[in-house]
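>>> Give me a 3D structure for the following:
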Amino acid sequence: MKVLITGGAGFIGSNLALTLQKNYEVVVLDDFFSGHFKNLIGFEGDIISESILDVDLNQFKDVDVIFHQAAITDTTVSDQRLMMKINTEGFKRFLNFAIENNTTFIYASSAATYGNAPAPQKEEDAGKPNNIYGFSKWICDCIAKRCMEKYPDAHIVGLRYFNVFGPREQFKGKMASMVWQLMKQMLEGKRPRIFKWGEQKRDQVYVKDIVNINLLAMKAKESCIVNAGTGRAVSFNHIIEVLNSILGFEYEPEYIDNPYEEFYQNHTEADLTKAKKYLGYKPKWTFEDAVKDYVEWLKKNNYI
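From the prediction side, this is the model:
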């Protein structure tokens, strides 16, 4: 079986590529605008370095599954036209191609589609995003839902990623997870900085669980859009406690004002009812075990 991963040099895409190549023929498509070649060290498949907006899709007619991960993921980007062009128009192009060619289509949606919906967030709570990134992903979901209704035999799965962390995120810079950002500050001898008073909560999901839910999506019995998280929210204070324990530090957090308070998501937590129902998904990693595994990977690969 042959699979295509758009955005395959990015954080999640590269983890998918390295896992899938063990059993499948894998092609990575990435323009390397935000992806990094070091994420693909160990990858032995084909790499096409073109934009999702321009690449000739006819060369992918023999592909059985498309994992569409490519997107602008920097939520601070304010260029609305650019965000919609890449995230939504690019998505639509590959979705239509998949439907026309009877290709399984699995794509990355986002918890940003929920905006300030109360936790735990259920799939039907989406639709009031706080930024253009979340809006671009919400419109992708709307397009996907219409296609699911129009083409009941199509295999389309949308995965609403919550806060993903883990190996190969270090090249994301300011958009890397809070786990990586706080760990980096502590390793540099600085007190970890978080918004007052550190009780904001996020569903922090390990990238290995995200890879797993993508694999499960390949076998989905029907099209669906589901949450991809852990079902457990972790406070920023707790992240620091866990990092101190694993790294052997005793840092106290430095609390700072939150400049984004007006539209900030203070509590994200995935309701996994539909993910379990449609995909049989159950997260394997606790937050504490995941951070420990992540630190071991970073040490092994000389990143810390």
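>>> All the helices of the stretch 101-250 of the chain, in order from the start?
132-150, 178-187, 207-217, 236-247 (DSSP state H, counting those that start in this stretch).
>>> Tell me, how many residues neighbour Asp30?
28 (other CB atoms under 10 Å). (C-beta placed from N, C-alpha, C; glycine too.)
>>> which residues does it contact?
Taking CB atoms under 8 Å, 6 or more residues apart in numbering, we find Asp30 in contact with 6-10, 13, 47-49, 70.
>>> and it, what pLDDT?
We note a pLDDT of 98 for Asp30 in this prediction.
>>> can you redo the helices of the stretch 101-250 of the chain as JSON lines with mean neighbour count?
Listed next are the helices of the stretch 101-250 of the chain as JSON lines, based on neighbours: other CB atoms under 10 Å:
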{"stretch": "helix 132-150", "mean neighbour count": "19"}
{"stretch": "helix 178-187", "mean neighbour count": "20"}
{"stretch": "helix 207-217", "mean neighbour count": "21"}
{"stretch": "helix 236-247", "mean neighbour count": "18"}
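>>> out of the ones you listed, nearest to Tyr255?
Relative to Tyr255, the nearest member of these by CB to CB is helix 236-247, separated by 9.7 Å.
>>> Pull the residues that contact the helix or strand following that closest one.
Following helix 236-247 in sequence order, the next helix or strand is strand 254-256 (DSSP states H and E). Contacts to strand 254-256, defined as CB under 8 Å, 6+ apart, come from residues 191-198.
>>> Quickly run through the sheet partners of strand 254-256, with directions.
Within its sheet, strand 254-256 is paired with strand 193-195 (parallel), according to DSSP bridges.
>>> what mean pLDDT does the strand it pairs with have?
Across strand 193-195, the per-residue pLDDT values average to 96.
>>> Likewise for stretch 123-141?
Stretch 123-141 comes out at a mean pLDDT of 96.
>>> distance between the ends of it?
With CA to CA, to the nearest Å as the measure, stretch 123-141 spans 11 Å from end to end.
>>> ok, and the closest non-adjacent residue to Val63?
Leu4 (4.6 Å; CB to CB, 6 or more residues apart in numbering).
>>> what about the residue nearest to Lys38 when sequence neighbours are not counted, how many neighbours?
Closest residue in space to Lys38, ignoring its immediate chain neighbours: Phe171 at 6.9 Å, by CB to CB, 6+ apart. Using other CB under 10 Å, Phe171 has 17 other residues around it.
>>> Fine by me, we can end here.
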